[in-house]
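Colleague: could you look at this predicted model? Sequence included:
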Amino acid sequence: MKLLAVTPLGRNRETSRLWIETRRLEALGFPPGTPFSVEARAEELLLKPAILAENHVSSRAVHGGRRPIIDLANQSYLRGLANFPELKITGWFERIRVAPTRRAAAILQSRRLAPPFRVVEAFAGGGTMTAALAGNEQFRVQAGIEIDPTYADEWQTAHPNAALIQADIRAIETSDLPPFDILIGGIPCTSHSNLGRAKKGLAGKPELGDTGDLFIPVLSLIRDRMPAAIVFENVPSFGSSLAGEVIVTHLERLGYHVFSTILKPNADWGEVEDRQRWLLVATLDRPFELRTPAVQCQTPVSVFLDPPDDARDEADARRIAVTIEGLRAHEERHRAMGHGFGFSVLTGNETRIPVIPKSYHKVNSGPFLQTPFGPRLLRLSELQRIRGHHLLTGHYATGVEILGQGVLTRVFRAIFQQLEEHICAHDPGIAPSSSAAHGKTSRAPTESAHYPVFGKGGFGAK
């Protein structure tokens with residue numbers, strides 16, 4: 001078997017046209033003048049030499065001889081291929097097969113997609129993103145990929161009927177994954193965050209960090225499986241990094257419509273924690289746009305706190321009192337040197353709090369909560385309310401790490417509701433389970449960004 005071409009179906013005066021022009025046709029038994037038959041199957045054509053046939057291989061004069069041409073414009077032959085944006089032409093001796101490429105078939109399949117939509121989560125962590133799908137019967141979590149055994153255990157417990165692949169995504173073959181329609185995940189940001197770049201000396205080159213190349217196997221997975229939709233999130237700086245720009249450009253060239261924006265939870269989604277994130281939503285069928293509620297948070301942090309308990313508050317404050325004194329002394333030293341080190345202590349009246357990092361349990365930056373006995377750490381129950389996600393683990397450090405590198409579940413629940421409505425809208429017979437909310441930037445790829453164009457007639461046309 002020989003691959004002859006990957007090409008769009010040509011057009012001639014607003015009708016479909018298949019044009020194959022190459023000297024390789026002679027080696028396959030299709031020299032100029034050869035009559036050939038056309039067998040039109042559901043979504044493919046099979047061309048074979050024949051003694052008597054209405055179709056003949058034509059040619060054009062070129063240096064050193066003539067170049068064979070197969071030119072088909074019969075719409076009864078081409079009807080089954082007309083809806084596909086791209087074709088794959090393969091040949092054997094005296095056989096040529098014309099069929100949709102895998103991505104062309106995926107694009108058409110995305111237009112016919114019906115719920116429940118099968119979801120795979122890459123870099124699953126403790127499942128804060130898939131938690132946003134809980135209770136929505138239009139989505140079904142099929143599998144998760146997570147290398148850390150502690151986080152993997154949390155994810156698997158939350159999704160007992162899904163497959164958990166505990167491995168480095170670089171080592172996974174696409175055949176290891178079950179069928180899925182939507183790929184979601186947060187590519188690890190430790191090489192792309194401002195703190196990660198500083199700690200690892202990666203200024204200007206985060207892709208060289210230990211996790212900086214993880215977007216590469218993700219793109220390979222997408223190319224092989226062509227899911228109908230993709231949802232990624234990361235730190236805001238990821239979108240302007242080389243990795244972020246390559247992801248967007250490559251997805252567009254694969255045929256995806258790419259939407260990206262910076263989520264501002266405190267200013268736009270009414271969330272008390274200002275955990276801003278880069279969001280990418282890519283869809284095969286047509287462009288997606290996110291509608292933001294544009295609601296500034298008016299809810300004080302006290303709403304998310306446990307009821308006052310003097311005995312417990314005093315014990316929690318005493319536990320970190322020495323560390324707090326050290327942080328205060330450290331703050332004064334840096335202030336005297338004109339540096340900007342500091343940490344925040346909440347009173348409970350704030351309607352905006354800084355990001356709570358995954359290292360929060362190490363008592364190194366805050367935010368802390370003021371009590372009559374001194375500052376204390378926010379408890380796991382309080383952090384869960386702030387993030388909108390209930391963890392199964394009761395271990396404080398593990399819970400803090402899962403939440404600290406996870407997403408604001410309430411925000412992503414709204415995002416998935418909008419994606420659900422977007423997918424269901426292609427078929428008026430499918431009713432979405434919820435109303436959707438509004439968006440920012442959408443980049444729909446042009447035809448030249450989608451596929452190689454070989455001329456109006458198709459492959460080899462002049």
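Modeller: Sure, I can see it.
Colleague: from now on I want contacts and neighbour counts done on CA atoms only, so please keep to that.
Modeller: Noted.
Colleague: starting at the chain centroid, how far to stretch 253-267?
Modeller: 10 Å (CA atoms, centre = their mean, to the nearest Å).
Colleague: wait, isn't residue 350 in contact with residue 300?
Modeller: Yes. Contact criterion CA atoms under 8 Å: residue 350 and residue 300 qualify, at 5.2 Å.
Colleague: give me the more crowded residue out of the two.
Modeller: Taking other CA atoms under 10 Å, residue 350 and residue 300 do not tie; residue 300 has more neighbours (17 against 14).
Colleague: and that one, what does it touch?
Modeller: 272, 348-352 (CA atoms under 8 Å, 6 or more residues apart in numbering).
Colleague: how near is the residue lying closest to it once chain neighbours are set aside to residue 394?
Modeller: Residue nearest to residue 300 in three dimensions, not counting chain neighbours: residue 351, with 4.5 Å by CA to CA, 6 or more residues apart in numbering. To residue 394, residue 351 is 27 Å away according to CA to CA, to the nearest Å.
Colleague: cool, and residue 18?
Modeller: 63 Å.
Colleague: repeat for residue 219
Modeller: Distance from residue 219 to residue 394, by CA to CA: 35 Å.
Colleague: between those two, tell me which one has more neighbours.
Modeller: Neighbours of residue 219 and residue 394, each counted by other CA under 10 Å, are more numerous for residue 219; the result is 17 against 10.
Colleague: tell me how many other residues surround the nearest residue to that one once chain neighbours are set aside.
Modeller: Among residues not flanking residue 219 along the chain, residue 247 sits closest, at 7.2 Å (CA to CA, 6+ apart). Counted with other CA under 10 Å, the neighbours of residue 247 add up to 19.
Colleague: SS state for residue 247?
Modeller: helix (DSSP: H, G, I helix; E, B strand; the rest coil).
Colleague: helices of this protein, residue ranges please.
Modeller: According to DSSP state H, the chain carries its helices in the segments 24-27, 75-78, 102-111, 149-158, 194-200, 215-225, 242-254, 265-268, 310-319, 321-336, 380-387, 396-404, 409-424, 447-450.
Colleague: and those: which comes nearest residue 135?
Modeller: Across the helices of the chain, residue 135 has its closest neighbour in helix 409-424 (10.0 Å, CA to CA).
Colleague: what about the closest one, distance to the chain center?
Modeller: 14 Å.
Colleague: avg pLDDT for that helix?
Modeller: The pLDDT scores in helix 409-424 average 96.
Colleague: just the C-alphas of stretch 239-246, formatted as CSV.
Modeller: Below are the C-alpha coordinates for stretch 239-246, written out as CSV (Å, rounded to 0.1, in the frame of the first residue of the first chain):
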residue,chain,number,x,y,z
GLY,A,239,-1.1,31.3,27.5
SER,A,240,1.6,33.6,26.3
SER,A,241,4.4,31.0,26.7
LEU,A,242,5.8,29.1,23.8
ALA,A,243,4.0,26.0,25.0
GLY,A,244,0.7,27.8,25.1
GLU,A,245,1.1,29.4,21.7
VAL,A,246,2.2,26.1,20.2
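Colleague: where do the strands of the stretch 151-300 of the chain begin and end?
Modeller: Along the stretch 151-300 of the chain, the stretches classed as strands by DSSP state E, counting those that start in this stretch are 163-165, 182-185, 229-234, 257-263, 277-283.
Colleague: may I have the strands that pair with the third one, each with its orientation?
Modeller: This means strand 229-234. Using DSSP bridges, strand 229-234 pairs in its sheet with strand 182-185 (parallel), strand 277-283 (antiparallel).
Colleague: other residues contacting the first one?
Modeller: Outside of strand 182-185, the residues that reach it under the criterion CA under 8 Å, 6+ apart are 117-124, 129, 227-233.
Colleague: now residue 90, nearest residue through space, not along the chain?
Modeller: residue 3 (4.4 Å).
Colleague: show me the contacts for that neighbour.
Modeller: Neighbours of residue 3 in contact, by CA under 8 Å, 6+ apart: 88-91.
Colleague: now residue 69
Modeller: Counted by CA under 8 Å, 6+ apart, residue 69 has contacts 19-22, 32, 57-60.
Colleague: in strands, which of the residues you listed fall?
Modeller: Counting by DSSP state E, those place 19-21, 58-60 in strands.
Colleague: can you tell me which of those residues is closest to residue 289?
Modeller: Looking at those and their distance to residue 289, the nearest is residue 19, at 37.1 Å (CA to CA).
Colleague: is it true that the closest one touches residue 72?
Modeller: Yes. Taking contacts as CA under 8 Å, residue 19 lies within contact range of residue 72: 6.5 Å.
Colleague: quick one: which of the two has more around it?
Modeller: residue 19 (24 against 19).
Colleague: residues near the closest residue to residue 217 other than its chain neighbours, how many?
Modeller: Nearest residue to residue 217, sequence neighbours excluded (CA to CA, 6+ apart): residue 170, at 5.6 Å. If you count neighbours by other CA under 10 Å, residue 170 ends up with 14.
Colleague: distance of residue 170 from residue 184?
Modeller: For residue 170, the distance to residue 184 - CA to CA - is 17 Å.
Colleague: one more: residue 231?
Modeller: For residue 231 relative to residue 184 (CA to CA), the value is 5 Å.
Colleague: could you do residue 17 as well?
Modeller: Taking CA to CA, one finds residue 17 at 38 Å from residue 184.
Colleague: before we move on, back to that, now the helices of the chain in JSON lines, with distance to residue 188?
Modeller: Below are the helices of the chain laid out as JSON lines (distance: least, CA to CA, whole Å):
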{"stretch": "helix 24-27", "distance to residue 188": "47"}
{"stretch": "helix 75-78", "distance to residue 188": "46"}
{"stretch": "helix 102-111", "distance to residue 188": "27"}
{"stretch": "helix 149-158", "distance to residue 188": "14"}
{"stretch": "helix 194-200", "distance to residue 188": "11"}
{"stretch": "helix 215-225", "distance to residue 188": "9"}
{"stretch": "helix 242-254", "distance to residue 188": "12"}
{"stretch": "helix 265-268", "distance to residue 188": "20"}
{"stretch": "helix 310-319", "distance to residue 188": "32"}
{"stretch": "helix 321-336", "distance to residue 188": "29"}
{"stretch": "helix 380-387", "distance to residue 188": "19"}
{"stretch": "helix 396-404", "distance to residue 188": "12"}
{"stretch": "helix 409-424", "distance to residue 188": "17"}
{"stretch": "helix 447-450", "distance to residue 188": "28"}
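Colleague: looking at those, spot the one closest to residue 95.
Modeller: From these, taking CA to CA, the stretch that ends up closest is helix 24-27, at 10.1 Å.
Colleague: let me see the mean pLDDT of that closest one.
Modeller: In this model, helix 24-27 has a mean pLDDT of 93.
Colleague: what's the spacing between it and its chain's center?
Modeller: 42 Å.
Colleague: burial count for residue 61?
Modeller: Residue 61 has 9 nearby residues by other CA under 10 Å.
Colleague: close enough to count as contact, it and residue 67?
Modeller: Yes. Between residue 61 and residue 67 there is a contact under CA under 8 Å: 6.4 Å.
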